[in-house]
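**Q** sequence below, structure please.
(chains A and B, ligands or ions: 2)
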Amino acid sequence: MALLEVQNIQKSFGRTEVLKNISFSLEKGEVLAIIGSSGSGKTTLLRCINFLETPDRGVITVGGDVLFDGANPAKKREKEIRKNRLHFGMVFQQFNLFPQYTVFENLVLAPKLLAKEKIAEEGAFYGANTYKGAVENINAEAEQLLKKVGLTEKRDEYPCNLSGGQQQRVAIARALALNPDVLCFDEPTSALDPELTGEVLNVIKGLKSSDSTMIVVTHEISFARDVADKVIFMADGVIEEEGTPQQVIENPHSARTQAFLSRFNQYSD
Amino acid sequence: MDQFWSITFQLLEGFKENCILFGVTLLAALPLGLLVSFGSMSKFAPVKAVCRTVVWIIRGTPLMLQLFVVYYIPPLLTDGSFKFSDRLTAATIAFIVNYAAYFSEIYRGGIEGIPKGQYEAGYVLGMKKSQIFIKVVLLQVIKRIVAPMSNEIITLVKDTSLARVIAVGEILKNAEQFTKQGLIWPIFYTGAFFLLFCGVLTLLFRFIEKKLDYYKG
Ligand SMILES: Nc1ncnc2c1ncn2[C@@H]1O[C@H](COP(=O)(O)OP(=O)(O)O)[C@@H](O)[C@H]1O
Ligand SMILES: [Mg+2]
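**A** Ligands and ions are numbered 1, 2, ... in the order given. Next comes the predicted model:
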């Protein structure tokens, strides 16, 4: 059974239908790349999955649990929405680090806030059954994550003293600190100077493993081809084409996919 | 020389009223202003409309006029059965309302200036709304409003002398009494008291700004 199932998601803003019946599924350990021109609904789709927007219709299932069902639109309490959100991580185009906290504090803030609540309610969090134990594990994990994204030296810097690429790597580590089932990236390199995109893409590539499931919205076509297991091409709120990178990027069937990709190839060689 | 000290002492008596007016206004208007700013940002349209209209009226009319309204209107409406026994109380009410309106606009600017990405980053990390406000947004708002707040608070120090118009025994009213004895200099001398007070506040605000200077953004 698929880890993530997205079925018939529909979302309108006022009269404009931005997502029209989007369905896809993702196995554990898979990387999905979503490509498509700007305005095609990629960000809105990620925001729906992260419960930053509420879809008008559709079903979202993670590991067999129905997190959202548009047919049963009982207004969810904050607590439940927060619990749903924790299945997902989100890395934003604009990083959105907390400027008043150091790199390390950015990583541990949310897990520490969660620790008290989870230990009170579920008796355990982060591999510990006391708040103190959880905090120790959170701190240790944060050090590991900094190492993973290559920023151990920047541990005590404030975000304003980091380059865009470094800030985005912090944002990735911050999302990983909550160990989400699915990590989503919304054009993680679009706000970066060209010479900084490589370091971020390499970090994302390095995360690929049998138990990390990722959705990456990107304009980096060669990255999608090399790293993704699955590619979706979106156009005007629908999935125009879907398949392996070989199918969608190398041999696109749809005329719109071909037109979109040819615009990239014009400049790349 | 004796006369100088005795006048200084009498002016200080008056300045005490200015200080009380300043302190009480600040203590009450800072939280009240925050409440009003939440009101003017409310998603509930009637609350928002009422708050914004009140703020517009208060900021669009002179504080001096508001002092007259608070002091003279209640007796007119109640045929004289209600009258402020203490003029300072009337002045304080007018000042609190006036400054809460100004403060609310400063808070609103500070809060609305926080990028929505800060809230969303908190949401996707499973934080509660209240946690996001306290742990993420609040310090950023404080950093943004220190400068406009310090301007407004320093203006408040000087505005306290307006209480003179409803005959509160503040420092300028005290100083005017000496003109009867042919002494004009005490009026100018009052400036020193205000300067000293504002100077101390300026240093304090500069200190706070420095403290918050450790990060940008
Ligand atoms: N909050 C919103 N309110 C109204 N329209 C929106 C909102 N968010 C996105 N849209 C519209 O939805 C469409 C898809 O936007 P988006 O999901 O950001 O596309 P993409 O990420 O593929 O560029 C755009 O036409 C955009 O203007
Ligand atoms: Mg987008």
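**Q** excluding chain neighbours, what is closest to residue B:93?
**A** In this structure, residue B:93 finds its nearest non-sequential neighbour in residue B:70, 5.3 Å apart by Cβ to Cβ, 6 or more residues apart in numbering or on different chains. Backbone N, C-alpha and C define where each C-beta goes, glycine included.
**Q** over to residue B:147?
**A** Distances taken as Cβ to Cβ, 6+ apart put residue B:209 closest to residue B:147, at 7.1 Å, once the chain neighbours are dropped.
**Q** average pLDDT for the strand or helix carrying the one you found?
**A** Residue B:209 is part of helix B:185-211, with elements assigned from DSSP states H and E. Mean pLDDT, computed over helix B:185-211, is 96.
**Q** what about residue A:13, how many residues nearby?
**A** 11 (other Cβ atoms under 10 Å in any protein chain shown).
**Q** doesn't residue A:239 fall inside a helix?
**A** No - read with DSSP: H, G, I helix; E, B strand; the rest coil, residue A:239 is strand and lies in no helix.
**Q** doesn't residue A:232 make contact with it?
**A** Yes - shown here, residue A:239 and residue A:232 form a contact pair, counting by Cβ atoms under 8 Å, at 5.4 Å.
**Q** now the helices for the stretch 101-250 of chain A?
**A** Along the stretch 101-250 of chain A, counting by DSSP state H, counting those that start in this stretch, helices occupy A:103-122, A:131-148, A:164-176, A:194-207, A:221-227, A:245.
**Q** give me the helices and strands touching the second one, please.
**A** When you say that, I think you mean helix A:131-148. If contacts are counted by 3 or more Cβ pairs under 8 Å, 6 or more residues apart in numbering or on different chains; DSSP states H and E, helix A:131-148 sits against helix A:103-122, helix A:164-176, helix A:194-207.
**Q** cutoff 6 Å now
**A** helix A:103-122 (3 or more Cβ pairs under 6 Å, 6 or more residues apart in numbering or on different chains; DSSP states H and E).
**Q** the residue of chain B at minimum distance from ligand 1: how many residues sit nearby?
**A** Nearest residue of chain B to ligand 1 (Cβ to the nearest ligand atom) works out as residue B:116 at 10.3 Å. Counted with other Cβ under 10 Å, residues neighbouring residue B:116 total 10.
**Q** and if you look at the one 4 residues further on?
**A** Applying other Cβ under 10 Å, we find 18 other residues in the vicinity of residue B:120.
**Q** tell me which element it falls in.
**A** Judged by DSSP H and E, residue B:120 forms part of helix B:116-124.
**Q** how far does that helix sit from the chain's center?
**A** Here helix B:116-124 is found 32 Å from its chain centre; the criterion is Cα atoms, centre = their mean, to the nearest Å.
**Q** buried sites along it?
**A** For helix B:116-124, the buried set under the neighbour-count rule, 16 or more other Cβ atoms under 10 Å in any protein chain shown, comprises B:118-124.
**Q** follow-up on the earlier one: of the helices of the stretch 101-250 of chain A, which is nearest ligand 1?
**A** helix A:221-227 (14.6 Å).
**Q** list the buried residues for that closest one?
**A** A:221, A:223-225, A:227.
**Q** stretch B:80-89 now?
**A** Using 16+ other Cβ under 10 Å as the test for burial, stretch B:80-89 gives B:84, B:87-88.
**Q** same deal with stretch A:65-75?
**A** Going by neighbour count (16+ other Cβ under 10 Å), the buried part of stretch A:65-75 is A:67-68, A:70.
**Q** could I get those as TSV with distance to ligand 1, secondary structure and pLDDT?
**A** Converted to TSV, the buried residues of stretch A:65-75 look like this (distance: Cβ to the nearest ligand atom, whole Å; DSSP: H, G, I helix; E, B strand; the rest coil; pLDDT from 0 to 100):
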residue	distance to ligand 1	secondary structure	pLDDT
A:67	20	strand	94
A:68	18	strand	93
A:70	18	coil	87
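**Q** enumerate the residues of chain B near chain A.
**A** When proximity is defined by Cβ under 6 Å from any Cβ of the partner chain, chain B lies next to chain A at B:117, B:120-121, B:124-127, B:131, B:136, B:139, B:215-217.
**Q** go again using 10 Å as the cut-off
**A** Within chain B, the positions near chain A by Cβ under 10 Å from any Cβ of the partner chain are B:115-132, B:134-140, B:142-143, B:212, B:214-217.
**Q** restricted to buried residues, select those residues in ChimeraX.
**A** Applying 16+ other Cβ under 10 Å to the residues of chain B next to chain A, the buried members can be selected in ChimeraX as follows:
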select /B:118,119,120,121,122,123,124,125,126,127,128,131,132,135,136,137,139,140,143,215
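**Q** that older thread, tell me what the helix holding residue B:120 is packed against?
**A** Under the contact criterion of 3 or more Cβ pairs under 10 Å, 6 or more residues apart in numbering or on different chains; DSSP states H and E, helix B:116-124 touches helix A:78-85, strand A:88-91, helix A:103-122, helix A:164-176, helix B:129-131.
**Q** can you state the direction angle for the first one and helix A:103-122?
**A** To tie it back to what came earlier, the one meant is helix A:78-85. Put simply, helix A:78-85 runs at 120 degrees to helix A:103-122, going by axes from the mean of the first three to the mean of the last three Cα atoms, to 10 degrees.
**Q** helix A:78-85 near chain B at all?
**A** Yes - using Cβ under 10 Å from any Cβ, helix A:78-85 reaches chain B at A:78-79, A:81-85.
**Q** tell me the buried residues within those.
**A** A:81-82, A:84-85.
**Q** state the pair within the residues you listed that is farthest apart.
**A** Using Cβ to Cβ, these span at most 7.3 Å, a distance reached by A:82 and A:84.
**Q** the longest helix seen in chain B versus helix B:185-211: what angle between them?
**A** Ranked by number of residues, the top helix in chain B under DSSP state H is helix B:2-40. Calculated by the same axes, to 10 degrees, helix B:2-40 forms an angle of 50 degrees with helix B:185-211.
**Q** tell me which residues of helix B:2-40 are tucked away?
**A** Using 16+ other Cβ under 10 Å as the test for burial, helix B:2-40 gives B:7, B:10-11, B:14-15, B:17-22, B:24-26, B:28-30, B:32-34, B:36-40.
**Q** that one packs against which elements?
**A** Contacting helix B:2-40 under the criterion 3+ Cβ pairs under 10 Å, 6+ apart are the following elements: helix B:45-60, helix B:87-112, helix B:138-159, helix B:171-177, helix B:185-211.
**Q** which one of these lies closest to residue A:91?
**A** Among the helices and strands packed on helix B:2-40, helix B:138-159 sits nearest to residue A:91 (Cβ to Cβ), with 20.9 Å.
**Q** list the buried residues in that closest one.
**A** Neighbour-count burial for helix B:138-159 flags B:139-141, B:143-146, B:148-150, B:152-154, B:156-157, B:159 (criterion: 16+ other Cβ under 10 Å).
**Q** can you check stretch A:200-215 too?
**A** Applying 16+ other Cβ under 10 Å to stretch A:200-215 flags A:200-201, A:203-204, A:207, A:212-215 as buried.
**Q** can you pick out the most distant pair from these?
**A** The most widely separated members of those, counting by Cβ to Cβ, are A:200 and A:213 (18.8 Å).
**Q** list the contacts for residue B:29?
**A** Applying Cβ atoms under 10 Å, 6 or more residues apart in numbering or on different chains, we find residue B:29 in contact with B:36, B:95-104, B:152-153, B:156.
**Q** can you give me the neighbour number for the residue lying closest to it once chain neighbours are set aside?
**A** Ranked by Cβ to Cβ, 6+ apart and with sequence neighbours excluded, the top spatial neighbour of residue B:29 is residue B:99, at 3.9 Å. A total of 25 residues lie near residue B:99 under the criterion other Cβ under 10 Å.
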